[in-house]
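*Asks:* the sequence isn't on hand, but the structure is:
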């Protein structure tokens, strides 16, 4: 790549940094009062204790943690209970596809790989959702490793070093990530020959702890040959640049964007997102100040200020003040001798108003983070089934948009990339009659095969699958539709006694069962595939026809026996 192009990328990175600068004071305030461990958000991270001198209340931090844990528990209780892959089948051939068997393999392999502790999926999602609730913007990175024991790694990214831009459709398609490497780590990561001449000199002179800034750019590749399979012709370019030297360290590519950027809320025309913490920040600051005043008032009540007479000589001019101390007093000719030389000054004795205000502010902050909707576990009052449904519907109206956004913008792209990584690695099977197929069979291994329908759909530019979310959040969002299907089928069964033929010819009960399974979040393992259902129907029809033939044969034999008996009786009568 020409130096001019590298210079242009660095200039774009600087412009994206300038766009973020007006947000830094807001981010810093949130870091100070909400996510305390990120108090150095707008400066370089330094070792040592956090700056907690001005923070007196942790309600907001608790609210963010509760929000993130509740959201994660609803969208991703575990990989085995969060999603299922189903075939992407056209309507006119819904009963005939070999992709169901392949998706069974996918649903066995994917959760196992994503549940590995080394993959870091749960912790990465939790960290990203916390950033989303606090700063309004979160980013995750899905990495393809070379380790067959853990082929996928997932992690949250630091928002302060992340610059991004959108395409005309509003989707993030370019990401600029600034990192720091020591010379030792830089050479270890990219190789001695790949680094700049200056970095090689520093390495040769053993200045291994000197730091170098590296910019990682991921953006759509402007020029490529889609017919070639190399990394330099993939849809997304990946460029690693040594910033000070404007030196290209590494160039590769991705088939899909490995970084997913999620915004909680967005104003029109803004790139960064907005968060519940931003809305709650006035209450958070007011609570922090009020708690600070309350703590100081408590200190004054326990150790009140004292009025000391200047006409008495107390302890040689210095008052010792601790339990059990004796304070010598030498009284002079004071004009008002009835006043004690040391007199406490009374402070406010009834802080009830402050306690009530603190309680109200804490409740408000928890409400900003939808604590009452995400953690509604109140079982103290008995409720009918209808009341429980109404409560769940209200929860869905409040939390549904947020849950849907996280599923669509974070979880779904992550699963797409994880699917492609495992597919490329051969975890879902091989193509029939391919080199890998013959290699497996030559070693006495019968491989699983990738669906021909799946290959055909992929060739047509489609995914070849659909993701069916089965998490509690997905069931909550599908609750109303699921109840509608159930109510309609119940009504159909109720009126079937009036006109059974009309009901049977109008309603596709098989599709109603599949819809109920899909909307309720039940596993697709409990229902047969359309192809297997058709095969079973044909087998049952054949068995019924065979039984009818046997019954007809039996009936025919009995009739023949009766005819023969009648002929015999007639012959006997004629002989007599």
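*Replies:* Okay, I see it. All values derive from a computational prediction rather than experimental measurement.

*Asks:* what's the helix or strand for residue 128?
*Replies:* When secondary structure is defined using DSSP states H and E, the element that contains residue 128 is helix 121-135.

*Asks:* tally of neighbours for residue 289?
*Replies:* Residues near residue 289, counting by other CB atoms under 10 Å, number 13. Every residue, glycine included, has its C-beta placed from N, CA and C.

*Asks:* please, which helix or strand holds it?
*Replies:* Secondary structure (DSSP H and E) places residue 289 in helix 276-302.

*Asks:* packing partners of that helix?
*Replies:* When contacts are defined as 3 or more CB pairs under 8 Å, 6 or more residues apart in numbering; DSSP states H and E, helix 276-302 sits against helix 24-33, helix 59-75, helix 121-135, helix 352-368.

*Asks:* looking at the ones you listed, which is buried most?
*Replies:* When you average the neighbours per residue for each of the helices and strands packed on helix 276-302 (mean count of other CB atoms under 10 Å), helix 121-135 leads with a mean of 24.

*Asks:* tell me what the helix or strand following that helix is packed against?
*Replies:* Per DSSP H and E, helix 121-135 leads on to strand 137-144 as the next helix or strand towards the C-terminus. In this structure, strand 137-144 makes packing contacts with helix 121-135, strand 152-156, strand 259-263, helix 412-424, judged by 3+ CB pairs under 8 Å, 6+ apart.

*Asks:* quick one: closest of the ones you listed to residue 276.
*Replies:* For the helices and strands packed on strand 137-144, proximity to residue 276 was assessed by CB to CB; helix 121-135 is nearest, at 5.7 Å.

*Asks:* ok, and what's touching that closest one?
*Replies:* Counting contacts by CB atoms under 8 Å, 6 or more residues apart in numbering, the residues outside helix 121-135 that touch it are 27, 30-31, 34-35, 64-65, 67-69, 71-72, 75-76, 79, 114-115, 137-140, 154-156, 159, 262-264, 272-273, 275-277, 369, 406, 410-411.

*Asks:* and if we set it to 7 Å?
*Replies:* Under the contact criterion CB atoms under 7 Å, 6 or more residues apart in numbering, helix 121-135 has outside partners 27, 30, 34-35, 64, 67-68, 71-72, 76, 114, 138, 140, 154-156, 159, 262, 264, 275-277, 369, 410.

*Asks:* work out for me the element residue 102 sits within.
*Replies:* Secondary-structure assignment from DSSP H and E places residue 102 in helix 99-114.

*Asks:* what segments of this structure are strands?
*Replies:* 83-87, 137-144, 152-156, 162-166, 172-182, 211-220, 236-242, 247-254, 259-263, 306-308, 313-314, 329-330, 342-344, 465-469 (DSSP state E).

*Asks:* columns mean neighbour count, distance to residue 539 and mean pLDDT on top of those, output as a markdown table?
*Replies:* Conversion of these to a markdown table gives the following (neighbours: other CB atoms under 10 Å; distance: least, CB to CB, whole Å; pLDDT from 0 to 100):
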| stretch | mean neighbour count | distance to residue 539 | mean pLDDT |
| --- | --- | --- | --- |
| strand 83-87 | 22 | 22 | 89 |
| strand 137-144 | 22 | 44 | 92 |
| strand 152-156 | 19 | 41 | 93 |
| strand 162-166 | 18 | 54 | 89 |
| strand 172-182 | 19 | 51 | 91 |
| strand 211-220 | 18 | 52 | 93 |
| strand 236-242 | 21 | 49 | 93 |
| strand 247-254 | 17 | 47 | 92 |
| strand 259-263 | 22 | 46 | 92 |
| strand 306-308 | 12 | 97 | 70 |
| strand 313-314 | 16 | 106 | 58 |
| strand 329-330 | 11 | 108 | 67 |
| strand 342-344 | 12 | 95 | 70 |
| strand 465-469 | 19 | 28 | 89 |
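
*Asks:* export those to CSV and append columns for distance to residue 419.
*Replies:* Output for the strands of the chain, formatted as CSV (distance: least, CB to CB, whole Å):
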stretch, distance to residue 419
strand 83-87, 7
strand 137-144, 11
strand 152-156, 10
strand 162-166, 24
strand 172-182, 20
strand 211-220, 20
strand 236-242, 17
strand 247-254, 14
strand 259-263, 14
strand 306-308, 73
strand 313-314, 81
strand 329-330, 85
strand 342-344, 73
strand 465-469, 7
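
*Asks:* of those, which is nearest residue 9?
*Replies:* Each of these was scored for nearness to residue 9 using CB to CB, and the closest is strand 211-220 (5.5 Å).

*Asks:* measure how that closest one sits relative to strand 259-263, angle-wise.
*Replies:* In this structure, strand 211-220 runs at an angle of 80 degrees to strand 259-263, with axes from the mean of the first three to the mean of the last three CA atoms, to 10 degrees as the basis.

*Asks:* so strand 211-220 versus strand 137-144, what angle?
*Replies:* Put simply, strand 211-220 runs at 90 degrees to strand 137-144, going by the same axes, to 10 degrees.

*Asks:* residues contacting residue 295?
*Replies:* residue 56.

*Asks:* hmm, back to that, residue 547: which of the helices and strands packed on strand 137-144 is closest?
*Replies:* With CB to CB, the closest approach to residue 547 among the helices and strands packed on strand 137-144 belongs to helix 412-424: 45.7 Å.

*Asks:* quick one: buried residues of that closest one?
*Replies:* With burial defined by 16 or more other CB atoms under 10 Å, the residues of helix 412-424 counted as buried are 413-423.

*Asks:* what is that helix packed up against?
*Replies:* Here helix 412-424 is seen to pack against helix 99-114, strand 137-144, strand 152-156 when contacts are counted using 3 or more CB pairs under 7 Å, 6 or more residues apart in numbering; DSSP states H and E.

*Asks:* got a list of contacts for it?
*Replies:* Residues outside helix 412-424 that contact it (CB under 7 Å, 6+ apart): 83, 109-110, 113-114, 140, 142, 144, 151-152, 154, 255-256, 258, 260, 428, 467.

*Asks:* measure the closest residue to residue 293 other than its chain neighbours to residue 298 for me?
*Replies:* Setting aside the residues directly before and after it, residue 293 is nearest to residue 354 in space (CB to CB, 6 or more residues apart in numbering), at 7.3 Å. Separation of residue 354 from residue 298 (CB to CB, to the nearest Å) stands at 10 Å.

*Asks:* ok, back up a step: correct me, but the residue nearest to residue 293 touches residue 294?
*Replies:* Yes: because the distance of 5.2 Å satisfies CB atoms under 7 Å, residue 354 is recorded as touching residue 294.

*Asks:* find residues that contact each of these two.
*Replies:* Shared contacts of residue 354 and residue 294, defined by CB under 7 Å, 6+ apart, are absent.

*Asks:* and residue 198, which of the helices and strands packed on helix 412-424 is closest to it?
*Replies:* With CB to CB as the measure, strand 137-144 is the member of the helices and strands packed on helix 412-424 nearest residue 198 (28.6 Å).

*Asks:* list the strands paired with the closest one, with their directions.
*Replies:* Within its sheet, strand 137-144 is paired with strand 152-156 (antiparallel), strand 259-263 (antiparallel), according to DSSP bridges.

*Asks:* so how far is the first one from its chain's centroid?
*Replies:* Centroid separation between strand 152-156 and its chain, computed with CA atoms, centre = their mean, to the nearest Å, is 12 Å.

*Asks:* residues making contact with that strand?
*Replies:* 113-114, 119-121, 124, 127-128, 131, 138, 140-145, 414, 418, 421.

*Asks:* rerun that using 10 Å as the cut-off
*Replies:* With contacts defined as CB atoms under 10 Å, 6 or more residues apart in numbering, strand 152-156 is touched by 110, 113-114, 116, 118-132, 138-145, 147, 414, 417-418, 421-422, 425.

*Asks:* perfect, I'm done here.
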